[in-house]
Structures are given as C-alpha cells and as structure tokens.
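Enquirer: Need a 3D model of the following:
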Amino acid sequence: MEKSTCLHGIYLLLSILLVTLFIGCDSNKKIEKGNIEGISQNIQNCEEVYPFKEGLALVCQNGKYGFISKKGEMVIPCQYEDALFFSDGIAIVCQEGKYGAINKIGEMIIPFQYDYSLKTLDCLVILNQNGGYELVDSQRSAGVFSFNNSGIASFSEGLAKIFSDGNYGFIDTKGNRVIACQYADAGTFADGLAIVKQNGKCELIDKKGDLVLSSQYDFPYLNYSEGLIHIIQEGKYGFMNTKGNVVISCQYDNALSFTDGLARVCMDGKYGFINTKGRLIIPYQYDAVGMFSNDLAVVVQNGKYGFINTQGENVIPCKYELATDFSEGLAVVKLNGKYGYVDEEGNDTFLKANSDELEYSAIDNAITNLSSERYDLVSCNGKYGIYDKDKTQILPLYYDMIWNTIEDGNNDFFIVELDGKKGVVLKMGTTLIPIEFDNNDYSDGIYHGFFEVEQNGKLGLFDKNGNNIVPCQYDNVQLNQTGYPFGIFVVRQDDKYGCVVNGEERIPCNYYSVIVTENYIITSLDGELNPRRAMDISNKHQVYDNGYRISEDGYSIDDEITRNMDDEYFSSDDNLTNRLLQKEKEIRSAVDELTRLEESPSLSANEILKIQLLKQTIVRNYDEALDIAKQSGDKDLAREYERRRDKTVRALQMLKR
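Expert: Residues are numbered from 1 along each chain as shown. Here you go, the predicted model:
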C-alpha cells in the first residue's frame, strides 16, 4: 500500500524523532504504578510502539496496527494497515487502502471510503476522492461542509490555518472563513493571538483578524508559548512579550519554546535551559533536548538519550538509543534496537531477567577495587559501572572506563570515559562536567580541589559545582594560593601570560609575566618588574578593567614549604645542542635562586615578587627546552623533558610562597 506506507513513514518520523527534540506531548496523565510490568509482557512481539494518548497507545505487530491499554491489554487487535493516535475519542485507521475512523472499543464510526485522512484537535478532516476536504464535527455528523483547498492545519482554540491561492487564513469548525487568506505565513492561535507575516513584517492578530502588534523584529518561529515570542536579530535569538517589549536580549545561537517556565537555548552547538528572566538554569552540555513534561525533559548526550528534571539532575541515565517526551506518564524509548516504554521513575519495559543476572554475576566475579571504602568498579562485556558495597547500582554498566572516584563528604564524583572522551558525573549518571574532553584530572594537592580539563592540547578548569572557571583554551593554568581562593588564575597562551578572573579573561595574554600578590596584579613586558604597570587592587571599592581585588585584609601565607624539584640533569655526554645546554643552565640558575629565597625565614615584598617571576622563568625554560628536544628528533629525549617539565610544574604549584 504505497499511500499507507508513505503516511505511516511520515508519522513514525514525526512521533519518534521530531517529538523528541522539538514537539512536546499534550497530556500529563500519570500511569498507574505497577502497570509497567504488564505492558512489558505484552509488547515483546511488537516491532513498533508509540506514545499513549487518551489511555491507549498505537502498536505494530507483524506489520499491522492496533492499540494497547496501560495494563498492556490489546484492546483493539493489530489488524489495520495504518493508524494514527486517538484524539477526542476517535482514531483514523486504514483498511484495504481506504481510511475511516473507529472509537475506543474498535467500532467503526466513519466508513472506510476515503483516500486519505487527517485528525485535528477539534474535528475530523477527511480528504475525499475528489481532492477536497470534508469536516466531521464531534457528533460524527458526516459532511459538515466540503471544499477544495490546498491545505489545512490542525485546529487550535476553535480556528484552523488554511492555505489557499498562495496565502494563509483561518476557518472555524463550521468551515466559515473567519479570517481571509491574505498572509504570507501564519502560526496557530494561543491565548487568543496568532503570529502572521504580511508585507515582510511579523504581526500579532486576534481571532477577528484585527492587528494587535506589529514588530520590527523577525520571528524565526510562528508559534509562541507562555506569553513569550521568539525574535531574532543579527543571527542571535531572544524573546519579547505580546506587548512588543524585549524581555530576553538576543544572545543565543538558537532558542526554542518555553514550557513549565523553561526554554531550550543553544550556544556553540550545546543545549541548556533558561528561565523567563533569561537566567541560565541548566548549563549548555547537551547535544539536543526536548521540552519539559511533568518536570522531565528528554536530553541527548554522547549520542544516548535520557531524562533530566527541572533542576538539571539526570534522573534517568542517558543510555537509550532513542526517546520521546513523556506522555501520560510514559515515554517511548529504544534499547538494543527494540522499542519500549520507560516510566518517570526509570523503570522500563525491557525484560530484565537476563540482564539482572548478568549484572549481579559481574558484581560477584568482575569487581575492580577503586581503593574506596564505599564503591566498587564493575566491568561486564567491556562496559563499566559503579556499585556500592551493598551491590546497589550507583552508575550503570554504560561507560568505557571509570578512572577515579572522588569522595569529599558533600558530593561523590566519578571521572568517566566514553568514546575516547572524559568527563565527570555524579550519582545516577548526572553530568557535572560534559564528557567531551581529551583528559580530566583532579587532585586536592596539585589542583587544589579543581578539575583540570584538556582539549586539543589546551587546558582549563572546572570547580566542584560544574562551573567552567577557566575556559579550556590555555597552554598552562597556574593555581597560585594568593589568587585561586578568590577566582584569580594566571594563564599562559602562546608563551605570554595573562589573568582570568571568575571565568573571564581580565588581563589578556600579552605579558612576559603576570604576578598575583596580596594587593596587586603586576605585569611585566620585558622580564623586569615595572611598578608603573602594577594594578592596585587593594581598594575594595574599585574594580579595574585589568585588575581585581583579592582580599580586604590581604591573604596570609604561612603553610609549610613543600619541595619536589627534580635534581637529575643530563651531562654534556648526551650530545645535546648548545641551545639545550643553555636552557639547562638557566633552569639550574633559577632553581638555585628560588631555593635560596624559599629557605629564607623572612622575605621583603620585592623578594616575594621575585619568587613568582622565578617560577614562571623555570616553566618557560622547560617549555623551550622541550621544543628543542622535539626538534632533535629524539623521541625518548622529548618524553624525558616532558616528564621533567610536568613534574616541575606540579612541584612549583605546591610551593606556598
């Protein structure tokens, strides 16, 4: 059946793909507890399943379509060549190539005599054999009116958009053209208003067709929700209200509709959510997102689908191959090539007898100890998860590797790897740091409780709240104890230093050195300290363009000095170039001077500044020596210099002064 196949293919695409990312379900009815098991048993032989509507769900078995209840009972057998959702108590079905309609007990209420049909929200629209439309009202009286037309959309608030003679207008459920076909484009009505386009302008009209608002902005979408309308300016998206006032400035790469007070927004290819005031509530970390329904929204991360709540917590892990938004307490999901349902507590219809046995077998036989008193790393079939000592699942057997468990008394963090990328997740798979970095390290000692991330050879930092406090774009990030407790970080890029303050580059990487003291951030262009370039940050009432206050009373530095410097150096017999020997000499000289100053019981202000300069000099020379070693073509030599440089950097970071 060519027409049937075409209709159902389009229907499948819309209900499974587009619904997932852009279309929200219109019903919030909850599924009764315990029904998930009954549904699970009765859909195992179904090739396709669809969202529940009005208590029934469309399913396909052996190429035929029927309907199941929330108890899993096949209330209408799979006997139709094609079918659509129930709406207003009726469903469109196809038999022997002709379309008609049935009620919820399977009784035919409209004969199978039409070539094609479309169910709308308020009435049934039938495309008859002559290419025209017939409307059937809620009383099922056939042929309320018939007319030839190029197109008709679903009814909303008693009006439907129609397309005729190259323009759009609106009809009511009796077929009366209440608004003439005069618009270049039009949306559907909501709150008594509809968006239309006319003469190159976007406008709001009421149900009489009267102009309510004409806007200077372009509307990327013709529908709006919760009183807010998308606008676009210079390629960026924002929102205005129905009075024409901009309430959220144009700043996002993309933005979609508000539901439950949150809107999906996109920045640099990642999606998050904002509230109606424009505040970012859920960070940009997802590849795609759906709309919230019953406080849950489908999200896509690393090619897998799961669900988050309005607080951004991952309540159903991203483990499915596909998922729709929730409808009547259930969402359609796909796992291992098969369709099923998941409820709002994360219980799904995929039979668990074999998988549970496999998981517990993995716990008994394949535990890898994490040196943790609370958790075990479990592997099975090449995938890793986390279980506690009571064999309760903490993270599913989903990740390619789990590298570290960090327990700090407030939250427990897990550094995970998936498809060659690393990130950080919390319990139940809630993402803290996106799994998109080449490396992710953590240490209370070396990184002072921050996560250092690396991507394409560049470094950045995240804090334990998941905030990206230093963008991942620098060659080096220094965690100086005079600065980092206040959000101040010295960074290096292309052999020049700058300063990032609370996630923003406040001092560009243009300087030979940048030093953070108790009251100053000092820069140097030529390697010598220049007081005239010192930026005073001691006045708590002043915030300079290139400076930032550290503390009101200064910051006491009195911890024990820790040294872990590498004292092994290559001899002249190693056939190094004069350039490399010169770098070694400069490193040794700086280390000797640094050691002398560190051993001094008291230091002047200038000597404290000199310590900072010596640290940067050592790192700079090691970087230059590494470049020379790489140019020599000796891979072993280059690896050794890289090891020594990294070890030295860590040691310098631990020095107190």
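Enquirer: Residue 293 reaches residue 329, doesn't it?
Expert: No - taking contacts as CB atoms under 8 Å, residue 293 lies outside contact range of residue 329: 9.8 Å. C-betas here are computed from N, CA, C, even on glycine.
Enquirer: which one is residue 53 nearest to, not counting chain neighbours?
Expert: On the basis of CB to CB, 6 or more residues apart in numbering, the spatially nearest residue to residue 53 that is not a chain neighbour turns out to be residue 85, at 4.3 Å.
Enquirer: and the gap between the one you found and residue 189?
Expert: From residue 85 over to residue 189 the distance is 21 Å, taken as CB to CB, to the nearest Å.
Enquirer: ditto for residue 102
Expert: 29 Å.
Enquirer: can you pull the pLDDT of the residue nearest to residue 437 when sequence neighbours are not counted?
Expert: Beyond its immediate neighbours in the sequence, the residue positioned closest to residue 437 (CB to CB, 6+ apart) is residue 453, lying 4.3 Å away. At residue 453, the pLDDT value in this model is 94.
Enquirer: check contacts around residue 453.
Expert: Residue 453 makes contact with 422, 433, 437, 439-440, 459-462, 472 under the criterion CB atoms under 8 Å, 6 or more residues apart in numbering.
Enquirer: May I have the strands that pair with the host helix or strand of it, each with its orientation?
Expert: Per DSSP states H and E: residue 453 is located in strand 451-455. With DSSP bridges as the criterion, the sheet partners recorded for strand 451-455 are strand 439-442 (antiparallel), strand 458-462 (antiparallel).
Enquirer: TSV for these, including mean pLDDT, mean neighbour count and distance to residue 38?
Expert: What follows is those, written out as TSV (pLDDT from 0 to 100; neighbours: other CB atoms under 10 Å; distance: least, CB to CB, whole Å):
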stretch	mean pLDDT	mean neighbour count	distance to residue 38
strand 439-442	90	18	43
strand 458-462	93	22	44
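Enquirer: Would you tell me which of the ones you listed gets closest to residue 282?
Expert: With CB to CB as the measure, strand 458-462 is the member of those nearest residue 282 (15.9 Å).
Enquirer: Near residue 249, how many other residues are there?
Expert: Residues near residue 249, counting by other CB atoms under 10 Å, number 14.
Enquirer: Can you say which helix or strand has it in it?
Expert: strand 246-252.
Enquirer: Name the residues of the helix or strand immediately after that strand in the chain that are buried.
Expert: Stepping forward along the backbone from strand 246-252, the first helix or strand reached (DSSP H and E) is strand 254-259. Buried positions in strand 254-259, judged by neighbour count with 16 or more other CB atoms under 10 Å: 255-259.
Enquirer: Stretch 284-304 now?
Expert: Of the residues in stretch 284-304, those with enough neighbours to count as buried (16+ other CB under 10 Å) are 284-302, 304.
Enquirer: Just those residues: which are in strands?
Expert: 284-286, 288-289, 296-301, 304 (DSSP state E).
Enquirer: Now the two most distant members of these.
Expert: Looking at these by CB to CB, the two members farthest from one another are 284 and 296, with 19.4 Å of separation.
Enquirer: Helices along the protein, start to end?
Expert: 2-13, 19-21, 35-42, 353-365, 578-599, 605-631, 635-654 (DSSP state H).
Enquirer: Now residue 159: closest residue in space, sequence neighbours ignored.
Expert: Residue nearest to residue 159 in three dimensions, not counting chain neighbours: residue 170, with 4.6 Å by CB to CB, 6+ apart.
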